[in-house]
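[1] Quick one, structure for this:
(2 chains)
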Amino acid sequence: MRNLTTDVLVVGGGPAGLSAAAEAAAAGASVIVAESDLHLGGQLVKQSHKFFGSKEEYAGTRGFEIAKVLKDEIAGSGAKVETLLNTTVTGYYPDENVVTAMIGEEEYLRITPKKIIMASGAQERLIPFPNNDLPGVYGAGAVQTLMNVYGVVPGKKVIMIGAGNIGLIVSYQLMQAGVEVAAILEAMPRVGGYWVHAAKIRRLGVPILLRHSIKRALGDRVITGAEIYELDEKFNQAGETETVRCDTICLAVGLTPSSEILWQGGCKMKYVPNLCGHVPFRDKTMRTSNEKIWVAGDVSGIEEASAAMIEGRIAGISAAKSLGRDVKSDSFDKFWKRLKDLRAGEVGEKIRAGVSEVLVDGWE
Amino acid sequence: MKITAVFENGVLTEERPGAVKPQQDLWNKKKGGLVVVECPQRIPCNPCNTSCPVSAIKTFSDINDVPEIDYDKCTGCGICVAVCPGLACFVIDLTFADGLALLKLPYEMLPLPEKGATVKCLDRTGKAVCDGKVENVAEPKKDKTKVVHVAVPIDKAHDVRAIRVV
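    I've put the predicted structure just below:
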């Protein structure tokens, strides 16, 4: 078994992890990025829409282009950043300070890091309904991977469940790929994603059915349709069940932080509904209650990639600083101001409330 | 399927902050048109402001501000139409021709419309409300977001927000 040592191990090569790696390396730390996928960039590589935010968060640039910018930044750090692709971190043993990982399905790896930045992202939630095991029921992430990474459309006619930003954006991407979106169902009385994302889909004729949910998928061997129904205030059925023909049902009903390694690290955790699951307590440097572990991105609470990139930078400079590396003293405050600005709007309200539940002034 | 056209699911039904129309008298005579922004929700986004070549979109005090336009400065150039990540900017030129308005609309679908072609013009709910003639297909930022210039009957200028190639 190979043994590796490094100053900073970054778990996850998405927007948060790459930003963290870039900052830590810029401060002179040696960095290993462990990424379970075959390429760096995380969800960015599937994002064909232009990002919001300001210039500093690459506003107006398409997500997959941002992935390239971050990868170039890492490559520019020279030998200080080693990226391990197809490498899944499988465990953390705090007593020995050993992180175990698998490369592919054969090779094991032991990594002994001085510091760890967890940027492991999130996993999709699914909702149960009869026949949801039929071929043709997908998570929105899978649909994006199929279409935008591999160039394959999932079907001809889709029902999207969920009108958060992911449901809205993936619906738009499906239409760009020539797939018909029969309807978007949303259980809440309003769209959860950005209003402008909803507007650009509505004007192309896609109905967004608020207070609606799926009852069952129809089909014998493959999906042939779905039964849908309207909900009342208490989320019980109101009105008749309707049948909609489709060959694909796409679930975009939220994400939950992938926090297993944080539990193994003994990090103090809390279930915070506004951050969509169990998340670690953290100080302003993004350090957890474990003095070796920092967090950034969706694993610290589900939010936009623009925020994940800033959190990554905060975690990266902070981890490097804890190793005695020189970091620009003003960069930390600059990043925090940007994070605060991003969260100041209406959609940031949930995040502000959620973060306030787990942000601590300091440790000890 | 009951399809509701309400603000809560992305259909603008009335003017609100972030979606305010220009003064009519100025608009009626402004050659090149004026931008109409339909961005009524506070979200962290400012490329319309930072990309405007004539500073017609007022500087934000907070990145979550909704856009506010100085219509004395707007030239209807359409840069914001191409830049806006939410595809929420539209230029409307009411001086284009007798009885016709020219709309400059963002377009990211396939197939691309051809200059001179007749396309279906869609309102904010996707309903085809008239035909329009494509006058130009521009790509101001060379980033695959097209700005389609389409001539429509002037009385439909305030309804049409998208096109469908037929």
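
[2] what about the residue of chain B most remote from its centre, is that helix, strand or coil?
    Seen from the C-alpha centroid of chain B, the residue lying at the greatest distance (C-alpha atoms, centre = their mean) is B:M1, 28.8 Å away. Of the three states, B:M1 takes coil under DSSP: H, G, I helix; E, B strand; the rest coil.

[3] Now do the same contact list for it.
    A:A183, A:P207, A:L209, A:E242, A:V244 (C-beta atoms under 8 Å, 6 or more residues apart in numbering or on different chains). Backbone N, C-alpha and C define where each C-beta goes, glycine included.

[4] cutoff 10 Å now
    Residues in contact with B:M1, defined by C-beta atoms under 10 Å, 6 or more residues apart in numbering or on different chains, are A:A182, A:A183, A:P207, A:L209, A:H212, A:I228, A:E242, A:V244.

[5] For A:T243, see how far away it is.
    Computed as C-beta to C-beta, to the nearest Å, the B:M1 to A:T243 distance reads 10 Å.

[6] anything in contact with each of those two?
    Counting by C-beta under 10 Å, 6+ apart, the residues touching both B:M1 and A:T243 are A:I228.

[7] got a list of what whatever residue of the stretch 251-364 of chain A ends up closest to chain B touches?
    Proximity of the stretch 251-364 of chain A to chain B (C-beta to the nearest C-beta) peaks at A:G345, 3.4 Å away. Shown in contact with A:G345 (C-beta under 10 Å, 6+ apart): A:52, A:194, A:351-352, B:41-45, B:62-66.

[8] pLDDT at residue 5, what is it?
    Answering for chain A, as no chain was given. Note for A:T5: predicted pLDDT of 97.

[9] Oops, wrong one, chain B.
    You'll see B:A5 listed with a pLDDT of 69.

[10] Give me the pLDDT value at the residue nearest to B:A101 when sequence neighbours are not counted.
    Excluding the flanking residues, the one nearest B:A101 by C-beta to C-beta, 6 or more residues apart in numbering or on different chains is B:A157, at 3.7 Å. Predicted confidence (pLDDT) for B:A157: 97.

[11] pull the CA atoms of the longest strand along chain B into PDB?
    In chain B, taking DSSP state E as the definition, the longest strand is strand B:128-138. C-alpha atoms of strand B:128-138 as PDB (Å, rounded to 0.1, in the frame of the first residue of the first chain):
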ATOM      1  CA  ALA B 128     -47.400  32.300 -29.300                       C
ATOM      2  CA  VAL B 129     -48.900  35.800 -29.600                       C
ATOM      3  CA  CYS B 130     -47.700  36.800 -33.100                       C
ATOM      4  CA  ASP B 131     -45.200  36.200 -35.900                       C
ATOM      5  CA  GLY B 132     -42.000  38.200 -36.000                       C
ATOM      6  CA  LYS B 133     -39.300  38.700 -38.600                       C
ATOM      7  CA  VAL B 134     -35.700  38.100 -37.700                       C
ATOM      8  CA  GLU B 135     -33.700  41.200 -38.500                       C
ATOM      9  CA  ASN B 136     -30.400  40.100 -37.100                       C
ATOM     10  CA  VAL B 137     -28.700  37.400 -35.000                       C
ATOM     11  CA  ALA B 138     -25.900  38.900 -33.000                       C
END
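
[12] what pairs with it, and is each one parallel or antiparallel?
    Paired neighbours of strand B:128-138 in the sheet (DSSP bridges): strand B:118-122 (antiparallel), strand B:146-153 (antiparallel).

[13] before we move on, the earlier item: number of residues surrounding the residue nearest to B:A101?
    Using other C-beta atoms under 10 Å in any protein chain shown, B:A157 has 23 other residues around it.

[14] same thing with the one 4 residues further on?
    Using other C-beta under 10 Å, B:R161 has 27 neighbouring residues.

[15] ok, now how distant is the residue lying closest to it once chain neighbours are set aside from B:V91?
    Distances taken as C-beta to C-beta, 6+ apart place A:R203 nearest to B:R161, at 4.8 Å, with adjacent residues excluded. Plainly put, A:R203 is 16 Å away from B:V91 if you go by C-beta to C-beta.

[16] Which element, helix or strand, includes the closest residue to A:K328 other than its chain neighbours?
    Spatially, and ignoring its direct neighbours in sequence, A:K328 is nearest to A:I317 (7.9 Å; C-beta to C-beta, 6+ apart). Using DSSP states H and E, A:I317 maps to helix A:305-322.

[17] so the next helix or strand after that helix versus helix A:305-322, what angle?
    Counting by DSSP H and E, the next helix or strand C-terminal to helix A:305-322 is helix A:331-342. Angle between the axes of helix A:331-342 and helix A:305-322 is 160 degrees (criterion: axes from the mean of the first three to the mean of the last three C-alpha atoms, to 10 degrees).

[18] pLDDT of the helix or strand following helix A:331-342, averaged?
    The element immediately downstream of helix A:331-342 (helix or strand, assigned by DSSP H and E) is helix A:349-358. Taken as a whole, helix A:349-358 has a mean pLDDT of 97.

[19] packing partners for helix A:349-358?
    On a contact count with 3 or more C-beta pairs under 10 Å, 6 or more residues apart in numbering or on different chains; DSSP states H and E, helix A:349-358 meets strand A:269-272, strand A:277-280, helix A:331-342.

[20] Please consider this matter closed, and thank you.
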